[in-house]
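> I would like the atomic coordinates for the input below:
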Amino acid sequence: MQQILSFLTLLDQNNNREWFNAHKSDYQSAKVAFEEVLEKVIVNLGQIDPRIKGMKPADAVFRIYRDTRFANNKTPYKNNFGAHLSRGGKNSGEPGYYFHVQPGESFLSGGIYMPENDKLKAIRKEIFTFPEDFSALIEAPEFVETFTFFQDDKLKRPPLGFPADFPLIDYLKYKHYCPWFPLSDELLGMPDLAGKIVEIYAKMKSFNDFIYRALGE
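As a prediction, this is how the structure comes out:
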């Protein structure tokens with residue numbers, strides 16, 4: 001992982017096509033290293049969550065090239081490597097497991113990000129209808145000790161159709177359901193990084209199962 005972090009650090013300092021093209025081999029080597037870790041994660045996590053069994057790293061890894069058409073930031077490359085492990089692949093919109101590597105800002109996450117409106121409504125309805133089930137998940141000691149929820153991009157008021165005095169109303173305000181776990185640069189350098197990632201993701205599976213249930217699986 002040190003190879004990946006070193007490349008991304010230099011890319012962040014030299015985010016232009018000339019530099020990237022001159023260091024294309026460094027990018028390719030870093031990408032291979034990232035995919036090697038992912039392959040180990042997929043094989044072992046597939047024993048815990050059959051939905052991702054048989055995935056290939058290429059099904060999960062996002063392109064490093066940024067879409068700058070409508071962005072104020074016109075730098076052409078992302079300053080991170082990211083991968084989403086899910087049954088339908090990285091662009092499926094399904095719940096899954098996310099792996100983000102960025103110097104000083106790496107993390108693991110899961111759940112579902114930016115769900116379509118009908119999916120978001122279904123998740124909120126499931127939480128509202130089965131609050132005990134959802135509470136049991138997010139209040140489990142190993143979940144509390146491991147994960148936090150992203151606090152940005154939440155509604156300021158309760159979503160339409162749900163009472164403000166509902167005990168879990170704060171969770172209905174989320175636009176994404178993505179518990180996350182920070183990864184320090186030091187942790188990324190541990191010998192069995194893939195094993196550590198699978199250990200964290202295993203604690204996420206029940207949460208993903210709840211999201212899938214909400215979506216009708």
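> burial count for residue 98?
Neighbourhood size, residue 98 [other C-beta atoms under 10 Å]: 22. To be clear about C-beta, it is placed using only N, CA and C from the backbone, and glycine gets the same treatment.
> ok, residue 107 next?
A count of neighbours around residue 107, defined by other C-beta under 10 Å, yields 16.
> is it correct that it falls within a helix?
No: in this structure, residue 107 is strand, not part of a helix, as judged by DSSP: H, G, I helix; E, B strand; the rest coil.
> I'd say it and residue 182 touch.
Yes: Residue 107 is in contact with residue 182 according to C-beta atoms under 8 Å; the separation is 5.1 Å.
> where does the protein dip in pLDDT?
The chain contains no residues with pLDDT under 70.
> what secondary structure does the spatially most central residue of it sit in?
For the chain, the residue lying nearest the average C-alpha position, counting by C-alpha atoms, centre = their mean, turns out to be residue 98 (2.6 Å). On the three-state scheme (three-state DSSP), residue 98 is labelled strand.
> what's opposite it in the beta bridge?
In this entry, residue 98 is beta-bridged to residue 84, residue 109, by DSSP bridges.
> ok, now how distant is it from residue 204?
For residue 98, the distance to residue 204 (C-beta to C-beta, to the nearest Å) stands at 10 Å.
> how far away is the residue lying closest to residue 202 once chain neighbours are set aside from residue 141?
Ranked by C-beta to C-beta, 6 or more residues apart in numbering and with sequence neighbours excluded, the top spatial neighbour of residue 202 is residue 48, at 5.3 Å. As for residue 48, its distance to residue 141 is 19 Å (criterion: C-beta to C-beta).
> what count of nearby residues applies to residue 108?
The tally of other residues near residue 108 (other C-beta under 10 Å) stands at 21.
> pretty sure it contacts residue 183?
Yes: A contact is recorded between residue 108 and residue 183 when judged using C-beta under 8 Å, the distance being 6.2 Å.
> am I right that residue 162 sits in a strand?
No: the secondary structure assignment for residue 162 gives coil rather than a strand, going by three-state DSSP.
> can you tell me the closest non-neighbouring residue to it?
Residue 162 sits nearest to residue 172 (C-beta to C-beta, 6+ apart), 5.4 Å away.
> the one you found and residue 159 touch, don't they?
Yes: assessed by C-beta under 8 Å, residue 172 is found in contact with residue 159 at 5.6 Å.
> alright, calling it a day.
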